[in-house]
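Peer 1: below are the sequence and a predicted model; questions follow.
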Amino acid sequence: MLVTGLVAVFFGPLEMYCFYLFSEGGAFHYEGFRFGTFMFGNLAAQIMGYYFIAAVLLPFGYGLMRLRSWARHLALALLQFWIVAGLPLVSAFFFVLLGSKELAWPVVLLAGVLAAASYVALPGLAIRFFNHPGTKRCFQEQEQCTWLERIPVPVLGLGYVEAFFVLILHAQIYFNSIFPLFGRWVTGLWGIVWIDLAILSTLALLWATIRLKRWAWWGLLSLFGLMTCSYSVTLLSSSWMDILAALNLPAYELAFLQGVPIHGFHLAILAGIPFLLVLILILRTRPYFIARPE
């Protein structure tokens with residue numbers, strides 16, 4: 001974790017150089033590259049991802065090496081978060097790899113196996129390791145219980161999901177501020193307004209979640225229930241060309257993305273599964289909010 005976090009810290013600023021490569025005069029410049037285009041948003045999302053990885057893994061790496069019990073607690077919560085966010089992230093990485101590279105079938109098969117292992121096998125092994133009685137004793141002997149450890153692991157995992165959702169909402173601003181609103185796409189300034197409202201609501205609920213406020217559970221169920229319906233209905237009622245039209249892409253990107261064999265219902269499934277997992281996680285955490293521990 002520590003090494004991966006350090007690598008992310010290194011590549012975060014370095015990735016910004018790609019903006020020069022795609023800007024006018026750069027090696028990969030094309031007409032229309034600007035804020036709001038697909039490639040600009042893709043680069044910005046990658047940079048945000050690097051900093052998110054660094055912010056998450058560096059404290060964990062340090063805490064685990066120092067045998068801090070809060071690090072084990074947060075690691076288990078992170079694995080709960082990965083159950084929700086891992087599937088869309090691994091799937092997106094796998095399909096982008098296939099779409100951007102000409103790979104031989106053995107390489108594709110190996111990439112698929114590694115992608116599946118990273119979502120299912122490795123997290124399962126990590127959960128068994130951190131829950132092993134010997135591991136628990138190793139960490140518990142070092143220090144007393146902190147306030148962070150008094151927050152149940154599923155609730156902390158839910159907090160990670162909320163923080164990541166705030167990051168996703170910010171990333172949408174780079175893609176023409178596109179926002180699904182129960183069957184239609186809102187873009188531009190009004191798209192940012194709706195995104196901003198969703199961000200503020202999620203941040204308020206994140207604060208209330210880690211404090212185990214009872215109203216936070218109802219707020220989370222309402223917010224993610226509405227977002228699930230909004231994303232699903234809008235994607236199901238949209239064709240791939242409708243989505244591209246809402247993104248308002250330059251001719252080069254439009255010609256490239258038009259050939260992608262994908263439809264709105266594919267994206268509805270890809271977005272609907274993690275939203276469904278979030279709702280399941282919210283339902284699982286209900287006892288912690290209704291019967292608050294002293």
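Peer 2: Thanks, I have the structure now.
Peer 1: how close does Gln209 sit to Leu156?
Peer 2: Check again: residue 209 is Thr, not Gln. 9 Å (Cβ to Cβ, to the nearest Å). The way it works is simple: take the backbone N, C-alpha and C, and place the C-beta from them, glycine included.
Peer 1: higher neighbour count, the two?
Peer 2: Each of Thr209 and Leu156 has its neighbours counted (other Cβ atoms under 10 Å); Thr209 has more, 25 against 22.
Peer 1: does the more buried one belong to a helix or a strand, and which?
Peer 2: helix 188-210 (DSSP states H and E).
Peer 1: try Ala44
Peer 2: helix 38-65.
Peer 1: now do the helices in the stretch 151-294 of the chain.
Peer 2: Assigned by DSSP state H, counting those that start in this stretch, the helices in the stretch 151-294 of the chain fall at 153-173, 188-210, 214-236, 240-247, 251-258, 264-284, 286-290.
Peer 1: just these: most buried one?
Peer 2: helix 153-173 (a mean of 20; mean count of other Cβ atoms under 10 Å).
Peer 1: measure how it sits relative to helix 38-65, angle-wise.
Peer 2: 150 degrees (axes from the mean of the first three to the mean of the last three Cα atoms, to 10 degrees).
Peer 1: from the contact counts, what lies against helix 153-173?
Peer 2: helix 38-65, helix 69-100, helix 188-210, helix 264-284, helix 286-290 (3 or more Cβ pairs under 8 Å, 6 or more residues apart in numbering; DSSP states H and E).
Peer 1: shaky segments in the chain?
Peer 2: 92, 94-104, 140-144, 291-294 (pLDDT under 70).
Peer 1: swap in 50 and give it another go.
Peer 2: 294 (pLDDT under 50).
Peer 1: centre-most residue in it?
Peer 2: Nearest residue to the geometric centre of the chain (Cα atoms, centre = their mean): Phe164, 4.8 Å.
Peer 1: touching, that one and Phe81? I think so.
Peer 2: Yes: if you go by Cβ atoms under 8 Å, Phe164 and Phe81 touch, sitting 7.0 Å apart.
Peer 1: quick revisit: okay, the helices and strands packed on helix 153-173 in CSV with distance to Leu114 next?
Peer 2: Output for the helices and strands packed on helix 153-173, formatted as CSV (distance: least, Cβ to Cβ, whole Å):
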stretch, distance to Leu114
helix 38-65, 18
helix 69-100, 9
helix 188-210, 32
helix 264-284, 20
helix 286-290, 35
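Peer 1: which stretch among those comes nearest Val233?
Peer 2: Nearest to Val233 among these is helix 264-284; the distance by Cβ to Cβ comes to 8.6 Å.
Peer 1: name the helices or strands packed onto the closest one?
Peer 2: Counting by 3+ Cβ pairs under 8 Å, 6+ apart, helix 264-284 packs on helix 69-100, helix 153-173, helix 214-236, helix 240-247.
Peer 1: what does that helix rub up against?
Peer 2: 80, 83-85, 87-88, 91-92, 154, 157-158, 161, 217, 220-221, 224-225, 227-228, 231-232, 235-240, 242-243 (Cβ atoms under 8 Å, 6 or more residues apart in numbering).
Peer 1: ok, now how distant is Asn106 from Ile280?
Peer 2: That one is not Asn; residue 106 is Pro. From Pro106 to Ile280 the distance is 36 Å (Cβ to Cβ).
Peer 1: equivalent analysis for Leu87, please.
Peer 2: Computed as Cβ to Cβ, the Leu87 to Ile280 distance reads 13 Å.
Peer 1: cool, and Ala85?
Peer 2: 14 Å.
Peer 1: next: Ile53.
Peer 2: 25 Å.
Peer 1: same question for Leu247.
Peer 2: Counting by Cβ to Cβ, the gap from Leu247 to Ile280 is 31 Å.
Peer 1: ditto for Phe81
Peer 2: 13 Å.
Peer 1: list residues touching both of these two?
Peer 2: Contacts common to Phe81 and Ile280, judged by Cβ under 8 Å, 6+ apart, are absent.
Peer 1: tell me which residues touch the nearest residue to Leu206 once chain neighbours are set aside, please.
Peer 2: Residue nearest to Leu206 in three dimensions, not counting chain neighbours: Glu162, with 4.3 Å by Cβ to Cβ, 6 or more residues apart in numbering. Shown in contact with Glu162 (Cβ under 8 Å, 6+ apart): Thr202, Leu203, Leu205, Leu206, Thr209, Leu220.
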